[in-house]
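Colleague: The amino acid sequence is not available; the structure is as follows:
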Ligand code: ATP
Ligand code: FE
């Protein structure tokens, strides 16, 4: 079984070819190729960063420019052609609809041409399930903390396609807070705000600025990063006289410490909740772009140790958006017979896009009761 995965939900254009043998094939499990065109390669990166976020129309254009090339490179690098594929998997949500369309159009074109089934993938599910590609011992059920630019989720994964949402953010995700803090500190964010902030924080004193840990009064598993963002902005503004590297590093370190303490506290509670629901739980998966952060990994390793469970954290390149996770999630669904029939070789002009820009992952867990959505 060989699946091509395509990812265009946000600002990275990615494609990969993955086969279904778990264990070690190449660099990551059975990944045959992995091709990514990250936003910082895109000529308009400067413009994008001036917008302070992703400008959908520009991101769409950027995806359209490179999608054919990215998919071709993924196929070439795997030494396979479209004829060798078993199916095509593509992210259909959540994400920016203009961007999702680029990937879905390409996926349908490849699937139509080679008469391949197509699998629509949930982007956050892919972030979680890629952990099973890199760790062949990882069985359901497991708990997943998914942290990225747009999401902050605590998910109980019961089986492929069966998820219970224990917590989410009530405003911003942690990645957004990292990105904004990096921007306000004037860091070079060409490779993303998160990595730049993590690097600077290593030089700082995390006790120097006292930020308040969010949401402590709420005995739930939800997150909030908007208030911390405001605290950081005010701290930076009030220290405008200190533009030296040391005081910026102190703010970076203090921000990171509190941002991560918030994760730790909610993870502790989620582990308890998950154990009540699924006593056999023995693993916390941490994935999504922010999970490439080494400080977060080391802090969470203490949390799992205290709770006698295991931590599974995919390598950084599989934590940030990539095609491998989409292809792998496609394989997991395909093996369970969950896929769509091949699309027509020639798409009708009035084809209605099968995308889900807003798409919750699983049902919400509310005070002991699960509520289907
Ligand atoms: P989503 O999955 O919500 O659609 P996304 O599309 O923004 O997220 P991801 O690649 O999953 O993309 O995550 C990107 C986020 O990860 C950005 O906010 C980035 O700053 C953050 N990030 C990447 N590396 C690090 C790091 N080392 N430390 C902190 N944050 C990081
Ligand atoms: Fe993502």
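Modeller: Received the coordinates, thanks. These figures come from a predicted structure and were not determined experimentally. Numbers count the residues shown, from 1 in each chain. Ligands and ions are numbered 1, 2, ... in the order given.

Colleague: Briefly note if the helix or strand encompassing residue 327 comes near ligand 2.
Modeller: Using DSSP states H and E, residue 327 sits in helix 323-334. No - judged by C-beta under 5 Å from the ion, helix 323-334 and ligand 2 are separated, with a smallest distance of 8.6 Å. C-beta coordinates here come from the backbone N, C-alpha and C atoms, glycine included.

Colleague: What's the end-to-end length of stretch 236-250?
Modeller: 11 Å (C-alpha to C-alpha, to the nearest Å).

Colleague: actually stretch 355-366, sorry about that
Modeller: Start-to-end, stretch 355-366 (C-alpha to C-alpha) is 28 Å.

Colleague: buried set for it?
Modeller: Buried positions in stretch 355-366, judged by neighbour count with 16 or more other C-beta atoms under 10 Å: 355-357, 360-362, 364-365.

Colleague: quick one: the helices in the stretch 1-150 of the chain?
Modeller: 45-51, 56-77, 97-114, 123-134 (DSSP state H, counting those that start in this stretch).

Colleague: Point out the other helices and strands that the second one packs with.
Modeller: Spelled out, that is helix 56-77. For helix 56-77, the packing partners by 3 or more C-beta pairs under 8 Å, 6 or more residues apart in numbering; DSSP states H and E come out as strand 2-7, strand 13-19, strand 31-37, helix 45-51, helix 97-114.

Colleague: Name the stretch from the ones you listed that approaches residue 244 most closely.
Modeller: Closest to residue 244 of the helices and strands packed on helix 56-77 is helix 45-51 (C-beta to C-beta; 23.9 Å).

Colleague: Turn the helices of the stretch 1-150 of the chain into CSV, columns for mean neighbour count and distance to ligand 1.
Modeller: Converted to CSV, the helices of the stretch 1-150 of the chain look like this (neighbours: other C-beta atoms under 10 Å; distance: least, C-beta to the nearest ligand atom, whole Å):
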stretch, mean neighbour count, distance to ligand 1
helix 45-51, 14, 12
helix 56-77, 19, 10
helix 97-114, 22, 10
helix 123-134, 26, 6
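
Colleague: Any chance of those in TSV with mean pLDDT as columns?
Modeller: Output for the helices of the stretch 1-150 of the chain, formatted as TSV (pLDDT from 0 to 100):
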stretch	mean pLDDT
helix 45-51	51
helix 56-77	92
helix 97-114	97
helix 123-134	96
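
Colleague: want to try CSV for those, with distance to residue 282 as columns?
Modeller: Output for the helices of the stretch 1-150 of the chain, formatted as CSV (distance: least, C-beta to C-beta, whole Å):
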stretch, distance to residue 282
helix 45-51, 41
helix 56-77, 34
helix 97-114, 35
helix 123-134, 13
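
Colleague: closest to ligand 2 out of those?
Modeller: Nearest to ligand 2, of all those, is helix 123-134, at 5.7 Å by C-beta to the ion.

Colleague: counting contacts, what elements does the closest one pack onto?
Modeller: Where contact means 3+ C-beta pairs under 8 Å, 6+ apart, helix 123-134 is packed against strand 87-93, strand 142-147, strand 152-159, strand 283-287, helix 316-319, helix 323-334.

Colleague: one more time with 6 Å
Modeller: In terms of contacts (3 or more C-beta pairs under 6 Å, 6 or more residues apart in numbering; DSSP states H and E), helix 123-134 is packed against strand 142-147, strand 283-287, helix 323-334.

Colleague: for the ones you listed, which one sits closest to residue 252?
Modeller: strand 142-147 (17.6 Å).

Colleague: Quick one: mean pLDDT over that closest one.
Modeller: For strand 142-147, the mean per-residue pLDDT is 98.

Colleague: Specify the angle between that strand and helix 123-134 in degrees.
Modeller: When axes from the mean of the first three to the mean of the last three C-alpha atoms, to 10 degrees is applied, the directions of strand 142-147 and helix 123-134 differ by 120 degrees.

Colleague: any idea of the angle strand 142-147 forms with strand 283-287?
Modeller: 20 degrees.

Colleague: so what strands line up beside strand 142-147?
Modeller: strand 152-159 (antiparallel), strand 283-287 (parallel) (DSSP bridges).

Colleague: Just the angle for the first one relative to helix 323-334, thanks.
Modeller: Same thing as strand 152-159. 30 degrees.

Colleague: Check whether strand 152-159 comes near ligand 1.
Modeller: No - residues of strand 152-159 are not located near ligand 1 by C-beta under 6 Å from any ligand atom, the shortest gap being 8.5 Å.

Colleague: Just put the helices and strands packed on helix 123-134 in TSV and tack on distance to residue 305.
Modeller: TSV is the format used below for the helices and strands packed on helix 123-134 (distance: least, C-beta to C-beta, whole Å):
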stretch	distance to residue 305
strand 142-147	15
strand 283-287	11
helix 323-334	27
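
Colleague: Generate JSON lines for these, with mean neighbour count and distance to residue 4 as supplementary columns.
Modeller: Converted to JSON lines, the helices and strands packed on helix 123-134 look like this (neighbours: other C-beta atoms under 10 Å; distance: least, C-beta to C-beta, whole Å):
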{"stretch": "strand 142-147", "mean neighbour count": "28", "distance to residue 4": "24"}
{"stretch": "strand 283-287", "mean neighbour count": "25", "distance to residue 4": "21"}
{"stretch": "helix 323-334", "mean neighbour count": "29", "distance to residue 4": "6"}
